[in-house]
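In: can't give you the sequence, but here's the structure:
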DNA sequence: TGAAATGTTGGGGCG
DNA sequence: ACGCCCCAACATTTC
């Protein structure tokens, strides 16, 4: 029986795993491998790393129940693969295709050492299969989503194998450090399935409003699981399609469709990074590459620490620092605040989010930042500036989200929770909560000026 | 997946 | 009864 290595990267699951299924169907004795790549680990947010390590433990347990086990090795991937190939006389390497630029280069190098089969699985549709009729990639979401929806895909989920070929004991494997498992995001395939079930059974039908409410749990909170493939994009897509079919109520249907759209946004940004890898270095929109950003380390630090004096911004930034996750509405509000109110380069925000997020993914994070900053594909128009006070009143009407994350404001009544600076002096002083670091309406005008300045300049000197 | 500024409309108060 | 004004509510334009 010939041996193949199943190189696990972002598909930490046994269920609906086309890569594992491909290796097995070819009749290989499969060795599940995860490589701890120091280059990636040193960039990973501590909470994301912990989530990954916990996920590896879960996966190892699941593999052991199927008579296999996970081989974990530390090192530079090409070297590890070459060594393991020698040790096991592996004839082939299977992996789910990863479209990020680093992964693509890494995989191309690795393919020189061993027959390497890369299987589509990180997204429902491969980025190169959703194209305009002229063969060009989409750069606007709506037509992309139309084309995406028109493409068929197999509704047959791949069952997790009950039994796998054994892995010999003598194969060395790193032992994982003890980690503290997050109670907010317990890693693993089982938890991912539970979350999907819970969401599909009800919240999905109120998603249209629920997704915007900072103070309610209206979202699926599946992002970290999708990030590491503890659940497949196809599992999620099929579940949402079924939910759409299962309801006759038009409002409920629109909600379920809105959720599917979020999954398509994920595929859209994945495709954008695949076709335009330079977005990791610069704005997609060439006319907005030279905005006169302010480089104020103090402003940046105040934003990071959640001390801007705008409660909803600070609540969201503290939620991120404490939990490694932030509500999507919060991501838009805080991103708008950094790029527009503080006029700080969106890339600073992109980097900070990657250093904190449990679900941090280069494509989605970059896409989200470029979108909010107004410099990306299908971007929000640059003059769309979020008013943090209005956003808070609309999406956290009682201020419960703010009170949850800003202990200083825990005793503030609804009347002042969104505008603490207007509270009676005594109340504000006692709380210790800062007054606004910038005046929003002044900052808004400055941002409008800076963006239009960049646009005008680009028009005058198109060679830049 | 904004918000502010500006324009329009129509009901009601009032002389 | 009529014209005028005010202004809220809504619509449109602009940033």
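Out: Structure received. All figures in this text were calculated on a predicted structure; none of them were measured in a lab. Numbering: from 1, shown residues only, chains lettered A, B, ... in the order given.
In: Near DNA strand B, which residues of chain A? Just list them.
Out: Within chain A, the positions near DNA strand B by CB under 7 Å from any atom of the strand are A:141, A:212, A:262, A:265, A:328-329, A:332, A:380-381, A:383-387, A:390-391, A:394, A:441, A:444. Where C-beta positions appear, they are placed from N, C-alpha and C, glycine not excepted.
In: Can you tell me which helices and strands the longest helix belonging to chain A packs against?
Out: In chain A, taking DSSP state H as the definition, the longest helix is helix A:250-275. Applying 3 or more CB pairs under 8 Å, 6 or more residues apart in numbering; DSSP states H and E, one finds that helix A:250-275 contacts helix A:141-150, helix A:207-210, helix A:233-245, helix A:362-373.
In: what residues does the helix or strand that it is followed by touch?
Out: Using DSSP states H and E, the next helix or strand after helix A:250-275 towards the C-terminus is helix A:297-305. By CB atoms under 8 Å, 6 or more residues apart in numbering, the residues outside helix A:297-305 that reach it are A:308, A:313, A:317, A:321, A:334, A:337-338, A:342, A:344, A:348, A:352, A:437.
In: Also stretch A:254-268?
Out: By CB under 8 Å, 6+ apart, the list of residues contacting stretch A:254-268 from outside reads A:123-125, A:127, A:130, A:138, A:141, A:144-145, A:148-149, A:204-211, A:220, A:226, A:233, A:236-237, A:240-241, A:243-244, A:247, A:363-364, A:367.
In: Just the buried residues of these.
Out: Buried subset of the contacts of stretch A:254-268 (neighbour count, 16 or more other CB atoms under 10 Å): A:123-125, A:127, A:130, A:138, A:141, A:144-145, A:148, A:204-208, A:210-211, A:220, A:226, A:233, A:236-237, A:240, A:243-244, A:363-364, A:367.
In: Can you tell me the number of residues neighbouring residue A:46?
Out: 12 (other CB atoms under 10 Å).
In: can you check residue A:101 too?
Out: Neighbour number of residue A:101 under other CB under 10 Å is 16.
In: pLDDT wise, what is residue A:464 at?
Out: You'll see residue A:464 listed with a pLDDT of 53.
In: that older thread, among the contacts of helix A:297-305, name the ones in helices.
Out: Going by DSSP H, the helices hold A:313, A:317, A:321, A:334, A:348, A:352 from the contacts of helix A:297-305.
In: Next step: the residues of chain A next to DNA strand B restricted to strands.
Out: The members of the residues of chain A next to DNA strand B all map outside strands under DSSP state E.
In: residues contacting the nearest residue to residue A:143 once chain neighbours are set aside?
Out: Excluding its sequence neighbours, the residue lying closest to residue A:143 (CB to CB, 6 or more residues apart in numbering) is residue A:132, at 7.4 Å. Contact analysis of residue A:132 by CB under 8 Å, 6+ apart lists A:138, A:143, A:147.
In: ok, now how distant is residue A:132 from residue A:367?
Out: Applying CB to CB, to the nearest Å, the value for residue A:132 to residue A:367 is 19 Å.
In: Contact residues of chain A facing DNA strand C?
Out: Going by CB under 7 Å from any atom of the strand, the residues of chain A near DNA strand C are A:381, A:383, A:448, A:452.
In: Apart from its chain neighbours, what residue comes closest to the third one?
Out: Put plainly, it is residue A:448. residue A:383 (5.8 Å).
In: Would you mind giving the contacts of residue A:132 as TSV with distance to residue A:153 and pLDDT added?
Out: What follows is the contacts of residue A:132, written out as TSV (distance: CB to CB, whole Å; pLDDT from 0 to 100):
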residue	distance to residue A:153	pLDDT
A:138	18	96
A:143	19	93
A:147	13	96
